[in-house]
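Student: structural data only, the sequence is not supplied:
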């Protein structure tokens, strides 16, 4: 189909759209943005006549590769350490895809651009396709991998998991609150334009290095659709920029969207790439190096910075702080340590680090061993049951962290943790930016301006609060993370499937009850909270408690 005929077809499609004159439509998902001065253009015209054959060809390649993987015995060659972490990744990622599909109708009534509605409808189809091939990939892993436990239950269980709740809040950000904030700025301008680079390009490269060539096939097929989604977001952004009244909201939303994406995506993908791999070649890029190339250089410098010519204030400070978190403050390493600390409340097995891993980390992140090495040695020592508790209940010089109310990633960089009383409750935040998001940005009034369409961060946002006072065995049973024998845990702190070396509910019953840091914080007096905060921010790195004064 020639480019000229595509353009003519695209123009003809606009004649099929109309606004009904016989009633006043009710907007269920509103926005505080205005589009009175916007030029209504779609920079990347796409029509279904050319779209469907292209997608059909891509699906043929995906399913053909899956058939080849089975025939080629890929599942006897792939690294177990890698596939275990895919139990988490492939349980979470379909939800953001489906949330992205649901986000597109939010824009139909709020973005007055019939041209762009066509692109948004096609994006909705894209996102459903992505979720489908990703869930099919997980099903294939479940059917062929040596240990299917975890793959078989994660779709119904991840939302109440120790780690999975973080991914849930990330995905639901696409469909809650102000429609433009959620479905355009947060989803297309930041998540898809910036962070799919590490999500769908850098991570598949690591999968291939670990003997898994199915995930690259599926996710490169996904990433090839992102250019259209980026175009939808950019067109909406240009429309919003045309009205100066929107600049205040755009600057608010860019700060919120950037920071929340950094906190969640970098936490998850950084951990998968750095701690889920067995590839320790010295010339392989670390996640920090990938981030600097894919996000700092390609997104920030070539996409965000040019927006300044339109008079928009770019959050330079937050981009630099995100890099500071990754390179200087060990953010990814802190997250991986936290995931491993609570291994028993997950649904995958977390492999201990070895001397070869230590050597690679020290090469890529000088000083890593002094910060994290001794804790991982303790993790290895305590990985097989031998009369001791799981590491979360042992004295290994680690202070269990508070959760961030906003991004729900724990307050792991201790020096950055802040507290605030919001809506009558004391809350902890991993960084001042997350406090600002909850206490100032997500409010019905922002800097004196009425913003009734913004949502609020409410409910039980701390996983530990759901199980405060429970025995750990009852927690794991309630989540359903138990194998078919009714006693052995799905999760293990090692990869050995010898029943004699696996942890069971009986081992957990000897532990004390799970305690919610947020519940305990709200039970403190004002003086106790102040002393606690001062002590907490003196702690770390690697969760080390503050030294005694």
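Tutor: Here it is on my side, so go on. Values in this document were obtained by computation on a predicted structure and should not be read as measured data.
Student: use CA for all of it now, contacts and neighbours both
Tutor: Will do.
Student: counting contacts, what elements does the host helix or strand of residue 53 pack onto?
Tutor: Taking DSSP states H and E as the definition, one finds residue 53 inside helix 48-71. Secondary-structure packing of helix 48-71 (3 or more Cα pairs under 8 Å, 6 or more residues apart in numbering; DSSP states H and E): helix 114-144, helix 214-223.
Student: can you name the element that comes right after the longest one?
Tutor: With elements assigned by DSSP H and E, the helix or strand that comes after helix 114-144 is helix 154-157.
Student: any idea of the mean pLDDT for the helix or strand following that next one?
Tutor: Following helix 154-157 in sequence order, the next helix or strand is helix 164-172 (DSSP H and E). Mean pLDDT, computed over helix 164-172, is 91.
Student: one more: stretch 226-233?
Tutor: Mean predicted lDDT for stretch 226-233 stands at 88.
Student: which of the residues in it are buried?
Tutor: Neighbour-count burial for stretch 226-233, counted by 16 or more other Cα atoms under 10 Å, picks out 226, 228-233.
Student: give me the residues contacting the helix holding residue 53.
Tutor: 1, 6, 75, 122, 140, 144, 213-214, 217-218, 221 (Cα atoms under 8 Å, 6 or more residues apart in numbering).
Student: of those, buried ones?
Tutor: Here, 16+ other Cα under 10 Å leaves 6, 75, 122, 140, 213-214, 217-218, 221 buried among the contacts of helix 48-71.
Student: from those, which two are the most distant?
Tutor: Largest separation among the buried ones among the contacts of helix 48-71 by Cα to Cα: 6 and 75, giving 43.0 Å.
Student: coming back round to it: which of the buried ones among the contacts of helix 48-71 lies closest to residue 520?
Tutor: Nearest member of the buried ones among the contacts of helix 48-71 to residue 520, counting by Cα to Cα, is residue 140, at 43.2 Å.
Student: quick one: the closest residue to that closest one other than its chain neighbours from residue 134, how far?
Tutor: Spatially, and ignoring its direct neighbours in sequence, residue 140 is nearest to residue 66 (8.0 Å; Cα to Cα, 6 or more residues apart in numbering). As judged by Cα to Cα, to the nearest Å, residue 66 and residue 134 stand 12 Å apart.
Student: again, but for residue 412
Tutor: Distance from residue 412 to residue 134, by Cα to Cα: 30 Å.
Student: about what we covered before: a markdown table for the buried ones among the contacts of helix 48-71, including pLDDT and distance to residue 275?
Tutor: Formatted as a markdown table, these follow (pLDDT from 0 to 100; distance: Cα to Cα, whole Å):
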| residue | pLDDT | distance to residue 275 |
| --- | --- | --- |
| 6 | 63 | 46 |
| 75 | 90 | 20 |
| 122 | 88 | 36 |
| 140 | 94 | 23 |
| 213 | 92 | 19 |
| 214 | 94 | 20 |
| 217 | 94 | 22 |
| 218 | 95 | 22 |
| 221 | 93 | 25 |
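Student: what's the local residue count around the closest residue to residue 125 other than its chain neighbours?
Tutor: Nearest residue to residue 125 in three dimensions, chain neighbours excluded: residue 101, at 7.1 Å (Cα to Cα, 6+ apart). Residue 101 has 26 neighbours, counted by other Cα atoms under 10 Å.
Student: compute the inter-axis angle for the one helix or strand residue 101 maps to and helix 164-172.
Tutor: Secondary structure from DSSP H and E places residue 101 in helix 94-108. Angle between the axes of helix 94-108 and helix 164-172 is 20 degrees (criterion: axes from the mean of the first three to the mean of the last three Cα atoms, to 10 degrees).
Student: and helix 94-108, how far from the chain's centre?
Tutor: Centre-to-centre, helix 94-108 and its host chain are 16 Å apart (Cα atoms, centre = their mean, to the nearest Å).
Student: the residue lying closest to residue 393 once chain neighbours are set aside and residue 394: what is the separation?
Tutor: Using Cα to Cα, 6+ apart and skipping the chain neighbours, the partner closest in space to residue 393 is residue 511 (7.2 Å). As judged by Cα to Cα, residue 511 and residue 394 stand 10 Å apart.
Student: more neighbours, those two?
Tutor: Between residue 511 and residue 394, residue 511 has the larger neighbour count (other Cα under 10 Å), namely 17 against 13.
Student: pull out the buried residues from stretch 74-87.
Tutor: Buried residues in stretch 74-87, counted by 16+ other Cα under 10 Å: 74-75, 78-87.
Student: host element of residue 408?
Tutor: Applying DSSP H and E, one finds residue 408 in no helix or strand.
Student: tell me who's in contact with it.
Tutor: By Cα under 8 Å, 6+ apart, the neighbours of residue 408 are 165-166, 169, 461-462.
Student: same question, residue 135
Tutor: 90-91, 94.
Student: most neighbours among the contacts of residue 408, which one?
Tutor: residue 166 (27 neighbours).
Student: could you measure from the nearest residue to it once chain neighbours are set aside over to residue 401?
Tutor: Distances taken as Cα to Cα, 6+ apart place residue 408 nearest to residue 166, at 5.4 Å, with adjacent residues excluded. Going from residue 408 to residue 401 by Cα to Cα gives 11 Å.
Student: do the same with residue 380
Tutor: Taking Cα to Cα, one finds residue 380 at 21 Å from residue 401.
Student: equivalent analysis for residue 78, please.
Tutor: Counting by Cα to Cα, the gap from residue 78 to residue 401 is 34 Å.
Student: can I assume residue 409 is in contact with residue 430?
Tutor: Yes - here residue 409 reaches residue 430: they are 7.4 Å apart, a contact under Cα atoms under 8 Å.
Student: overlap of the contact sets of the two?
Tutor: Counting by Cα under 8 Å, 6+ apart, the common neighbours of residue 409 and residue 430 are residue 403.
Student: residues contacting stretch 359-372, please?
Tutor: 280-282, 286, 327, 333, 358, 541-542.
Student: quick one: buried residues of that stretch?
Tutor: Those would be 359-361, 364, 368-369, 371-372, for stretch 359-372 by 16+ other Cα under 10 Å.
Student: from start to finish, how long is that stretch in a straight line?
Tutor: 12 Å.
Student: same check on stretch 233-252?
Tutor: 17 Å.
Student: same check, this time on stretch 474-486
Tutor: Span of stretch 474-486 from end to end, Cα to Cα: 12 Å.
Student: buried ones in that stretch?
Tutor: Quick answer for stretch 474-486 (16+ other Cα under 10 Å): 475-476, 479-482.
Student: quick one: contacts of that stretch?
Tutor: Applying Cα under 8 Å, 6+ apart, the external contacts of stretch 474-486 come out as 149-150, 157, 160-161, 344-347, 467, 488-491, 505.
Student: for residue 426, what are phi and psi?
Tutor: Note on residue 426: backbone dihedrals following degrees, to the nearest 10 are phi -80, psi 130.
Student: hang on, isn't residue 205 packed against residue 214?
Tutor: No - in this structure residue 205 lies outside contact range of residue 214 using Cα under 8 Å: 11.0 Å.
Student: how many neighbours does residue 117 have?
Tutor: 21.
Student: if you skip the residues just before and after it, what's nearest to residue 384?
Tutor: residue 501 (5.6 Å).
Student: doesn't residue 488 make contact with that neighbour?
Tutor: No - Residue 501 is beyond contact range of residue 488, at 10.3 Å (criterion: Cα under 8 Å).
Student: out of those two, which sits in the more crowded spot?
Tutor: residue 488 (18 against 15).
Student: residues in contact with the nearest residue to that one once chain neighbours are set aside?
Tutor: Leaving aside its chain neighbours, residue 488 sits nearest to residue 504 (4.2 Å; criterion: Cα to Cα, 6+ apart). By Cα under 8 Å, 6+ apart, the residues touching residue 504 are 487-489.
Student: hmm, back to that, and the furthest pair within the contacts of residue 408?
Tutor: 169 and 462 (11.1 Å).
Student: one step back: which of the contacts of helix 48-71 lies closest to residue 523?
Tutor: Once Cα to Cα is applied, the member of the contacts of helix 48-71 that ends up nearest residue 523 is residue 140, at 47.5 Å.
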